[in-house]
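A.B. asks: predicted model and sequence follow; I will ask about them next.
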Amino acid sequence: MPAEAPVAPPAAAVPQDGKLPAGPLDQQSREAFAEPFAALDQLGKDDGVPDSKGEPTSDPEPKATPEPQPKTQAQIDRERDEQGKFLPKKDDPKADPKVQPTPKGTPKDAAPDPKGKPTEQDDEPIEKMAPKQLREAYHKRTKEYEAAQKELAELRTKASTPAEDPEKKVLTEKLTAHEKRLAELDEELRYTAYERSQEFKDKYEKPYVDAWLQGRSNMSSLDVIDRKNEETGEVLQQGRPATAEDFDALMKLDDRSFRKQASQLFGPEQLSELIADRKEVMKLLNSKNKALEDFRKEGTEREQKRAKQIEENSKLTRQTWEQANKTAVEKYPQWFAPDEADPKGNELLEKGYHMADRAFSDGRPIKEGDKPLSPLELTRLQSALRNKGAAFDRLVHKLSTLQKAHDDLAEKLKGYEESEPGPGDGKRTAKQEAQTEEGDYNAAFTKEFGK
């Protein structure tokens, strides 16, 4: 795609009142406001006041004196003397010519508004400002411009620093996981289809292809020679520049046919270059074929070794599983071993073991009558085992607490049963007498009126 010429930004508009706009300014904006500042600089030169750099503001070359223009009535009323001071109005006889009058609307003590709002002095037209006021306004505008340039530089620095993307961490983790998975698949591919693995492509396939392409490129520097029948003068072979297709055709021949055909086409002088290119290509081709042959020869042995390793790992896993289950039953028989005194509990325990075994066997049938579980059924079964497993320790805790309370009550009851009444005076207490009388009354009432 051809590069497009850069488009210049539109020129900044110059305000009619010569004031700087609020906000940061760039270089182009500064140049756009050069005209009002040039007018201020010119006035400073007329007054002989140094500029912001401390150098005298004087013209290096004398300028041609402009032709005098007719003065307006206002200019006549407010003329300057040779020192640049305002002259008193001609119609003011009381005015002192030694005292410089203050222009109307420009108080001497006018101060800038601390809030940054334009003051009365800022609103005064340039034509009516005294040289001192013009210099102050110029320096003020210069400071505002420098502050705006500093703010612009800070904004550009912030804009050049990209904000941290909240999704960067998530995407990085996903990329890492994909790269890990790709490496695992490539490792698996090495042992199943070596010619498709990245190792084979980088180590054997790419060097061979590069050498072939280099030979085709070198062929363009050779020329097919002319050959004629010495007796009849008939042209047997027309001279021409060699092509990449000539290289492809020669590389398909065996060594003997290659030498013969190459000598006829290019002659003995150019034959050495072709032989060198062919040797390089054939060496890399033989290396590539040998790698595939070695892979096929070692494939059977490698697969046998791999199958044996898988079987050993499976056997070790099965043994570990069985041993862990046996240890749990022996260590906690009250929870995991059958109890002859509790047939209902034994039935529930057997059912629980069967459910767990199916869940850990991916839903495959374990005993006669079982049907394979669908993915949804297996998921629900695994969820049930998760919840039951999580609640088991809490139930054991509650049962232990209740068992302890039961044992304490049983011990107290046993103490009461084994105790004997203490010695007494053989008399009944008032409470016992009242209970006897109440019992006799209830018996008589029942006998007379029924329950």
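C.D. replies: In hand now; what should we look at?
A.B. asks: now residue 256: how far from residue 414?
C.D. replies: Per C-beta to C-beta, to the nearest Å, residue 256 is found 112 Å from residue 414. Quick note: C-beta positions are derived from backbone N, CA and C, even for glycine.
A.B. asks: ok, now residue 219?
C.D. replies: In terms of C-beta to C-beta, residue 219 sits 111 Å off from residue 414.
A.B. asks: same question for residue 205.
C.D. replies: From residue 205 to residue 414 the distance is 89 Å (C-beta to C-beta).
A.B. asks: so which of the two has more stuff around it?
C.D. replies: residue 205 (15 against 10; other C-beta atoms under 10 Å).
A.B. asks: so what's the residue nearest to the more buried one when sequence neighbours are not counted up against?
C.D. replies: Closest residue to residue 205 apart from its sequence neighbours, by C-beta to C-beta, 6 or more residues apart in numbering: residue 288 at 6.6 Å. With contact set as C-beta atoms under 8 Å, 6 or more residues apart in numbering, residue 288 has these partners: 204-205, 208.
A.B. asks: am I right that residue 288 falls within a helix?
C.D. replies: Yes - counting by DSSP: H, G, I helix; E, B strand; the rest coil, residue 288 is found in a helix.
A.B. asks: for it, give me the pLDDT.
C.D. replies: In this model, residue 288 is scored at 92, pLDDT.
A.B. asks: same thing with residue 341?
C.D. replies: Residue 341 carries a pLDDT value of 91.
A.B. asks: isn't residue 366 up against residue 354?
C.D. replies: Yes - Residue 366 lies in contact with residue 354 (C-beta atoms under 8 Å); the separation is 6.8 Å.
A.B. asks: picking that back up, next, format the contacts of residue 288 as TSV and append pLDDT.
C.D. replies: Below are the contacts of residue 288 laid out as TSV (pLDDT from 0 to 100):
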residue	pLDDT
204	92
205	92
208	94
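A.B. asks: what segments of this structure are helices?
C.D. replies: Secondary structure of the chain by DSSP state H: the helices cover 27-32, 34-47, 73-77, 131-160, 168-190, 198-200, 206-219, 244-251, 255-331, 333-336, 343-359, 375-418, 430-449.
A.B. asks: nearest to residue 230, out of the ones you listed?
C.D. replies: helix 255-331 (15.0 Å; C-beta to C-beta).
A.B. asks: where does this structure dip in pLDDT?
C.D. replies: Across the chain, the ranges flagged by pLDDT under 70 are 1-124, 161-164, 185-192, 421-451.
A.B. asks: domain parsing for it?
C.D. replies: Following automatic domain parsing, the chain resolves into domains at 27-58+73-158, 187-227+236-307, 338-409.
A.B. asks: which one of these lies closest to residue 173?
C.D. replies: Among the domains of the chain, the nearest to residue 173 by C-beta to C-beta is domain 187-227+236-307 (21.5 Å).
A.B. asks: in stretch 398-410, which residues are buried?
C.D. replies: Of all the residues in stretch 398-410, not one is buried under the rule 16 or more other C-beta atoms under 10 Å.
A.B. asks: now stretch 282-299
C.D. replies: Using 16+ other C-beta under 10 Å as the test for burial, stretch 282-299 gives 284, 288, 291, 295.
A.B. asks: if I look at the second one, how far off is residue 377?
C.D. replies: What that stands for is residue 288. From residue 288 over to residue 377 (counting by C-beta to C-beta), the distance is 51 Å.
A.B. asks: quick one, what contacts residue 235?
C.D. replies: Residue 235 sits next to 226-228 when contact means C-beta under 8 Å, 6+ apart.
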